[in-house]
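Asks: mind folding the following:
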Amino acid sequence: MSSTTEQSPAAAGGRRKDPDRRERIARAAITVVAERGVEKLTHRAVAAAAGVPLGSTTYYFATLDDLLASALKQASDDDVAQLRAWEAKLAGRTDIDLAAEFTELVLHYLGPERTRTEVEHQLYIAALHRPALCHVSQEWDAALAQLFAQHTGPETGRVLSAVFCGLLLQGIVRESAPSRDEIEMIFRKVLDPAENG
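Replies: Numbering: from 1, shown residues only. As a prediction, this is how the structure comes out:
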């Protein structure tokens, strides 16, 4: 029997036929936010971007807050995975200049990755008015602090996470990004107490 209606993903092996649909929808939500902003996110726009029936988006994500939370979680997971790959390249090295490495990382996020950085901040800031998103934002913060602490210890890791996020936010709202020297000076003050004064 044929039907034009959307079947439940759990029915008739639908989940097996398209096991990545939920993630694809979440990634499509990120794309829509990039193109239109958080306030213009709709199930219909996400369905079109994901190439799925409208019923799929509402099946997996009953509300827009559910959809935004999933998009934020996906953006967080992607970001943490990228940062873990960056950290893995530093592991085992004895010649690391952390201030210089963090500076390059910030410039990368504000240069080649600027568009993604802007979208991630839109999703993160959406938690201000949507309590359902707060726990995802907090988990993202904790993951960053833990990752940065690999080379510095827990307290400095939390400080570095805050500084890193602050520099990215400044960089995307200012007309021009902070200079390399400005960024590196900030990280050196955090990493070397003798520099503070």
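
Asks: and the next helix or strand past the helix or strand of the chain with the lowest mean pLDDT?
Replies: Least confident helix or strand of the chain, by mean pLDDT, DSSP states H and E, is helix 14-17 with a mean of 54. Note on helix 14-17: by DSSP states H and E, the next helix or strand toward the C-terminus is helix 21-36.

Asks: in that next one, which residues are buried?
Replies: Using 16 or more other Cβ atoms under 10 Å as the test for burial, helix 21-36 gives 21-22, 24-30, 32-34. Where you see a C-beta, it was placed from the backbone N, CA and C, and this is true even at glycine.

Asks: wait, which of the residues you listed is closest to Leu54?
Replies: Closest approach between these and Leu54, by Cβ to Cβ: Ile25, at 10.9 Å.

Asks: how close does the nearest residue to that closest one once chain neighbours are set aside sit to Met185?
Replies: Leaving aside its sequence neighbours, Ile25 sits nearest to Ala50 (Cβ to Cβ, 6 or more residues apart in numbering; 4.8 Å). Remark: distance between Ala50 and Met185 (Cβ to Cβ, to the nearest Å) = 44 Å.

Asks: where do the strands sit along the protein?
Replies: Shown for the chain, no strands are assigned by DSSP state E.

Asks: from the chain's centre, how far out does the lengthiest helix in it sit?
Replies: Using DSSP state H, we find that the single longest helix of the chain is helix 64-90. With Cα atoms, centre = their mean, to the nearest Å as the basis, helix 64-90 stands 4 Å off its chain's centre.

Asks: for the record, mean pLDDT for that helix?
Replies: Average pLDDT, helix 64-90: 91.

Asks: helices or strands up against that helix?
Replies: The helices and strands touching helix 64-90, judged by 3 or more Cβ pairs under 8 Å, 6 or more residues apart in numbering; DSSP states H and E, are helix 21-36, helix 43-50, helix 54-60, helix 98-110, helix 114-125, helix 134-148.

Asks: and these as JSON lines, adding distance to Pro178 and mean pLDDT?
Replies: Output for the helices and strands packed on helix 64-90, formatted as JSON lines (distance: least, Cβ to Cβ, whole Å; pLDDT from 0 to 100):
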{"stretch": "helix 21-36", "distance to Pro178": "23", "mean pLDDT": "94"}
{"stretch": "helix 43-50", "distance to Pro178": "33", "mean pLDDT": "96"}
{"stretch": "helix 54-60", "distance to Pro178": "38", "mean pLDDT": "94"}
{"stretch": "helix 98-110", "distance to Pro178": "8", "mean pLDDT": "95"}
{"stretch": "helix 114-125", "distance to Pro178": "13", "mean pLDDT": "91"}
{"stretch": "helix 134-148", "distance to Pro178": "19", "mean pLDDT": "90"}
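
Asks: C-alpha coordinates for stretch 77-88, PDB please?
Replies: Provided in PDB are the C-alpha atoms of stretch 77-88 (Å, rounded to 0.1, in the frame of the first residue of the first chain):
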ATOM      1  CA  ASP A  77      29.500  18.900  19.600                       C
ATOM      2  CA  ASP A  78      31.100  20.100  16.300                       C
ATOM      3  CA  ASP A  79      33.000  22.900  18.000                       C
ATOM      4  CA  VAL A  80      34.300  20.700  20.800                       C
ATOM      5  CA  ALA A  81      35.300  18.000  18.300                       C
ATOM      6  CA  GLN A  82      37.300  20.600  16.400                       C
ATOM      7  CA  LEU A  83      38.900  21.900  19.500                       C
ATOM      8  CA  ARG A  84      39.800  18.400  20.600                       C
ATOM      9  CA  ALA A  85      41.500  17.800  17.300                       C
ATOM     10  CA  TRP A  86      43.400  21.100  17.900                       C
ATOM     11  CA  GLU A  87      44.400  20.000  21.400                       C
ATOM     12  CA  ALA A  88      45.500  16.600  20.100                       C
END
